[in-house]
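1. Predicted coordinates and the sequence they were generated for:
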Amino acid sequence: MQIPTELLAKIDEAISHYPVSKRSASLPLLHLFQEQFGYISDESIAWIADKLGLEQINILELVTFYPMFRREPAGKVHIRVCRTLSCALAGADDLKTKLSEATGIHCSKHHEGFSHPPEVSPDGQFSIESVECLASCGSGPVMMINDDFYEAVAPETIQEILSKYK
Amino acid sequence: MSTEATTPKPVELVNVQIDGVWYQFPKGTKVIEACSQAGKFIPRYCYHPRLSTPGNCRMCMVELGMPKMGPDRKPELGPDGKPIHNWIPRPQISCAQEVSEGLGVRTDSKMVQDARKGVLEFLLINHPLDCPICDQAGECRLQEFSYDFGPAKTRFLEHKVKKPKRIQIGPRITLDDERCILCSRCVRFMREVAKDDVIGIVNRGSYSTITCHPNKTLDSNYSLNTVDICPVGALTSTDFRFKMRVWFLKETKSFCTSCATGCNTVIGARENLMYRQTPRENNDVNESWMCDYGRLNFHYLNSPDRLLAPVAKGVNEPDWTAALTATASALKSLPPSEVALIASGKMTNEELFLAAGLTQALGIMLHDIVPHTDAGDDILLSTDRNPNTAGAKLLGLCDANAGSKLPAIADGIRGGTIKGLVILGEDATALGLAESELRKLEVLVTTAMLPNLTTASAGYVLPGSGFAEKRGSMVNKSGRLQRLNRAIQAPGLARDDWEILTGLTEAITGTSLGLATIEDVFKAMSAATPALTGLSLSKIGDLGVQLPIA
C-alpha cells in the first residue's frame, strides 16, 4: 500500500503521542486514513494493524464499532443529515428525500439500518447518510456537507446550497 | 541461598462475611472464587479463572457491604463482635472484585435474585431459543441459569436481531452467532492462551457479532478449546455436531495419548462408541486445555477395519489359547540371539513391564521402542508423539536414546541374522523395512489394532486394545504417572494388551505369572521398579502422581 510521505509523517507523529501503548493510536490513525483516502479499505486495516503490531481483527472491531468510519468510498461531497428527535420533528426525513432527488441518489430504505455503506450518486459526486445528533437541536433540520454546517435547512434552499459543491 | 529467599511469604488472610457466615480468604482472592469456596455458587458467563476478567456479562452480581467505620476510623462492631456493614445500594459484579478485610457478601438476596432475572431476560431477547436442535443443550449455562434463576415468561414482542448462522469459522468449528451472548471468552482465549488473535466482536450494540477476520480462519491447533469454554451453543465442534445428545454420554476420566504431555481428559462414550474427548483440569499438566490434534485423534477406535480375531500360522484362530500356544512354540523354535523385540512408546507401563518379562522369558537381548517425533509448540503439544517414552525408559525397554537399536534390528533382518521379530503396536515398515524384507522373517509376531503392512506380513497377529478400551498407567514427559480408565470395550475378540502379553509369556515358560487383574500387574511392576515403590493404580488418582525421576 502506497502511503504519501506527508501522511506517514502525520502517522508517526500520532503514534508518538502514546508512548505506553501503540494500540491507543488506532483511532487517530483511522481518522487520518479516512481523511486521506475517503474510507477505510481492507488494505488500510492491514497496514494499520501491521504498523501498530496488532492483529487485523483488532482494527476491524474499531472500524465496525464507530459509525463515522466508512468501509466503502463516499462521494466527493458527503452530506450528513441529522435524524435525531428534534431534527426528525423538524422534517429531516423530507429534507433527506429532497436532497437525494436533487443529487440523483437512489436512497433505499435499507440505508437506515446498521453499518450500511453511504448512498452515492451515479456520478460519484455526492453521497448521503443519516447521522445522529449534530448538536444544534434548536435549529433543525440540521445537516453537514463535508465540514460545512447548515441549520434550519428549508427544502427550497437545497439547490442553492448544492450549487456551491457542483 | 539466603533464608529470606527460601522462606515463603506468609499468606495474608482477610475476614469476609458471606451470607451471614464469616470466613477467611487469602488477600487477592476474587469474591466469585471466595463464594464458590464457601459453597455458594455464583452463576457466570464471561468469567473464567484462566482468562482476564472483562466483567461484561453481569451474571455474577452480588450485594456487597463495606465495614461501617466509626468516628475513630475503626469498624463499628455488632453484638456478635463482628463488623457491621454498610451495604452498597446497587448489585456489584463479583468476578472483578477482590476480597477485603471485613467485606460482606449477600449471594441470594432479593436484589441479587432480581439482578439475575434481569440479566437473563436481556440475554434471551435475541437468543433463538432453539434448544431442541442445539448441540449445547444439556451442558448449556444459558439453559441452566435460565432454569435456576431466569424469568418464567417472556415480555418481548419485537423481532429478534438476525445474525449469521452455521458459519465455518475454522476447519473444526461451526459458529451460530444468534446463540452467542458475547461473553468474549473465545476472543480472550485466542488472544491470551493460544496467542492467535483472529476472532473479535464487530459492530455494536445488539448487532455485535463474533467473527473471524475475513482474511483469516480460526485454525489454531487449540481452536476447539473455545468450544469447551463457550457457555452457550454458539461455537460448536464440527466433528461432534449432531452426533450425540450430551446427556447420553457416559463420561470416563482419562488422558490424551497423542503426545508425551498427557493432557487430562474426559471421554464421552455411548453404547461402546467413543464420541468425543474434552480436556479435564489439571494444574500440573494441561491447566484446562488440550490441542485439537490430540482431541480428535480417537476416531480410529471406531474404525470398521479393527482387527477382531487372532491370527496364528497365517490363518484366523478364534481360540486365544491355541493362538498364544502356537505363537509361543514358533518363537521358542528360534535361538534367542536370532529374535528381536520392538515395543511401543504408546504402550502402558504395565504392558511394557510384561514386554520386558517376555524378553527375559525368551532371552531376547535386542529390544527397543520406535520413536515418533513431529513439530511441537510452546503451549502443550510435545515433539515426542509417544505418550510413554519415559515409561519405556523406566522399565528398561529402551536405553536413554530411544530407537538407537532400531538400525541394528533392521540390518539384522535384512542380513538374515534375525529370523524372528516380536513387534508390539508398531508398524515395522517405520524402520525402513520393505514388506518383502518382512516376509523373509521366519517368525513375525505382532499386536495391533488396525491392519498395516506388518499385520499383512505377520504369521501371528494378536489384536489388542486402544487407550479408551483399557486400564493402565503411563509416565508423561515431566515424569508424571497418570492413569487410563476403560470407557468402552475392545471390539470382537480383541483383548487387553496386558492379557495378551501375560498369556504369551505363560505359554512360553509353561508357568503361571499369577496375574489375574491389571492391579496385580501394577503390584508386580512396582515391586520390581524402585521409582514406583508404594504406588498402586488406585493411588495414582485422577490427577496423577509425580515420580522421583527427571
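-> Yep, that arrived.

2. going forward, measure contacts between C-alpha atoms and count neighbours the same way
-> Will do.

3. Just the element for residue 47, please.
-> You didn't say which chain, so I picked chain A. Using DSSP states H and E, A:W47 maps to helix A:42-52.

4. Up against chain A, what does chain B have?
-> With Cα under 8 Å from any Cα of the partner chain as the criterion, chain B meets chain A at residues B:D197, B:V198, B:I199, B:G200, B:I201, B:V202, B:N203, B:R204, B:Y207, B:C212, B:H213.

5. and the two most separated of these?
-> B:D197 and B:Y207 (21.4 Å; Cα to Cα).

6. Please say which of the two ends up with more neighbours.
-> Neighbours per residue, other Cα atoms under 10 Å in any protein chain shown: of B:D197 and B:Y207, the larger number sits with B:D197, 24 against 17.

7. For burial, what's the neighbour tally of the residue lying closest to the more buried one once chain neighbours are set aside?
-> Residue nearest to B:D197 in three dimensions, not counting chain neighbours: B:R191, with 4.7 Å by Cα to Cα, 6 or more residues apart in numbering or on different chains. A count of nearby residues for B:R191, using other Cα under 10 Å, gives 17.

8. Assumed B:R191 was part of a helix.
-> Yes - under DSSP: H, G, I helix; E, B strand; the rest coil, B:R191 sits within a helix.

9. how close does B:I169 get to chain A?
-> To chain A, B:I169 is 14 Å away according to Cα to the nearest Cα, to the nearest Å.

10. Report the secondary structure element holding that residue.
-> Using DSSP H and E, B:I169 sits in strand B:167-170.

11. of the residues of chain B next to chain A, buried ones?
-> The neighbour count (16 or more other Cα atoms under 10 Å in any protein chain shown) marks B:D197, B:V198, B:I199, B:G200, B:I201, B:V202, B:N203, B:R204, B:Y207, B:C212, B:H213 as buried among the residues of chain B next to chain A.

12. contacting residues around the strand or helix carrying B:T359?
-> Using DSSP H and E, B:T359 falls within helix B:349-362. Applying Cα atoms under 8 Å, 6 or more residues apart in numbering or on different chains, the contact partners of helix B:349-362 are B:331-332, B:336, B:341, B:343, B:365, B:367, B:388, B:391-392, B:395-397, B:472-475, B:497-498, B:501-502, B:504-505, B:508-509, B:518, B:521-522, B:525.

13. Is B:R483 part of a helix or strand, or is it coil?
-> strand.

14. same check, this time on B:Y293
-> The three-state assignment at B:Y293 reads helix, by three-state DSSP.

15. Quick check: it vs B:G396, distance?
-> Distance, B:Y293 to B:G396, by Cα to Cα, to the nearest Å: 29 Å.

16. Can you give me the neighbour number for the nearest residue to A:E72 once chain neighbours are set aside?
-> The spatially closest residue to A:E72, leaving aside those adjacent along the chain, is A:Y39, at 5.8 Å (Cα to Cα, 6+ apart). By other Cα under 10 Å, the residues close to A:Y39 number 20.

17. From chain B, how far off is A:Y39?
-> Note on A:Y39: its distance to chain B, by Cα to the nearest Cα, is 17 Å.

18. Correct me if wrong: that residue contacts A:A74.
-> Yes - counting by Cα atoms under 8 Å, A:Y39 touches A:A74, with 7.2 Å between them.

19. Now do the helix or strand just after the helix holding A:W47, average pLDDT.
-> Sequence-wise, the next helix or strand downstream of helix A:42-52 (DSSP H and E) is helix A:56-65. Mean pLDDT, helix A:56-65: 94.

20. One more: stretch B:322-334?
-> Stretch B:322-334 carries an average pLDDT of 96.

21. Please export the alpha-carbon coordinates of it; PDB is fine.
-> C-alpha atoms of stretch B:322-334 as PDB (Å, rounded to 0.1, in the frame of the first residue of the first chain):
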ATOM      1  CA  ALA B 322      -4.500 -72.000  20.700                       C
ATOM      2  CA  ALA B 323      -3.200 -68.800  19.100                       C
ATOM      3  CA  LEU B 324      -0.900 -68.000  22.000                       C
ATOM      4  CA  THR B 325       0.400 -71.600  22.300                       C
ATOM      5  CA  ALA B 326       1.200 -71.600  18.500                       C
ATOM      6  CA  THR B 327       2.900 -68.200  18.800                       C
ATOM      7  CA  ALA B 328       4.900 -69.300  21.800                       C
ATOM      8  CA  SER B 329       6.200 -72.500  20.200                       C
ATOM      9  CA  ALA B 330       7.100 -70.600  17.000                       C
ATOM     10  CA  LEU B 331       9.100 -68.100  19.000                       C
ATOM     11  CA  LYS B 332      10.800 -70.900  21.000                       C
ATOM     12  CA  SER B 333      11.800 -72.700  17.900                       C
ATOM     13  CA  LEU B 334      14.400 -70.000  17.200                       C
END
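
22. buried ones in it?
-> Buried residues in stretch B:322-334 (16+ other Cα under 10 Å): B:A323, B:L324, B:T325, B:A326, B:T327, B:A328, B:A330, B:L331, B:K332, B:L334.

23. Around B:V11, how many other residues sit close by?
-> A count of neighbours around B:V11, defined by other Cα under 10 Å, yields 9.

24. That one: which element?
-> For B:V11, there is no host helix or strand (DSSP H and E).

25. Just confirm it contacts B:T29, I think it does.
-> No - counting by Cα under 8 Å, B:V11 stays clear of B:T29, with 11.3 Å between them.

26. rewinding a little: in helices, which of the buried residues of stretch B:322-334 fall?
-> Counted as lying in helices by DSSP state H, out of the buried residues of stretch B:322-334, are B:A323, B:L324, B:T325, B:A326, B:T327, B:A328, B:A330, B:L331, B:K332.

27. which ones are touching the fourth one?
-> I take that to be B:A326. B:A326 neighbours (Cα under 8 Å, 6+ apart): B:A312, B:K313.

28. Show me what the mean pLDDT comes to for the helix holding A:W47.
-> What helix A:42-52 shows for mean pLDDT is 96.

29. now stretch A:89-103
-> Stretch A:89-103 shows a mean pLDDT of 93.

30. same question, stretch B:99-118
-> On average, stretch B:99-118 scores 96.

31. Dump the C-alpha coordinates for it into PDB.
-> Output of stretch B:99-118 as PDB, limited to C-alpha atoms (Å, rounded to 0.1, in the frame of the first residue of the first chain):
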ATOM      1  CA  VAL B  99     -11.900  -9.700  48.900                       C
ATOM      2  CA  SER B 100     -11.000  -7.100  51.500                       C
ATOM      3  CA  GLU B 101     -11.000  -7.000  55.300                       C
ATOM      4  CA  GLY B 102     -14.500  -7.000  56.800                       C
ATOM      5  CA  LEU B 103     -16.300  -7.300  53.400                       C
ATOM      6  CA  GLY B 104     -19.800  -8.500  53.500                       C
ATOM      7  CA  VAL B 105     -21.400 -10.500  50.600                       C
ATOM      8  CA  ARG B 106     -25.000 -11.500  50.000                       C
ATOM      9  CA  THR B 107     -25.300 -14.100  47.300                       C
ATOM     10  CA  ASP B 108     -29.000 -14.700  47.400                       C
ATOM     11  CA  SER B 109     -30.900 -11.600  48.500                       C
ATOM     12  CA  LYS B 110     -33.900 -10.200  46.700                       C
ATOM     13  CA  MET B 111     -31.700  -7.600  45.000                       C
ATOM     14  CA  VAL B 112     -29.400 -10.400  43.700                       C
ATOM     15  CA  GLN B 113     -32.300 -12.500  42.500                       C
ATOM     16  CA  ASP B 114     -33.800  -9.600  40.700                       C
ATOM     17  CA  ALA B 115     -30.500  -8.700  39.100                       C
ATOM     18  CA  ARG B 116     -30.000 -12.300  37.800                       C
ATOM     19  CA  LYS B 117     -33.500 -12.400  36.500                       C
ATOM     20  CA  GLY B 118     -33.000  -9.000  34.700                       C
END
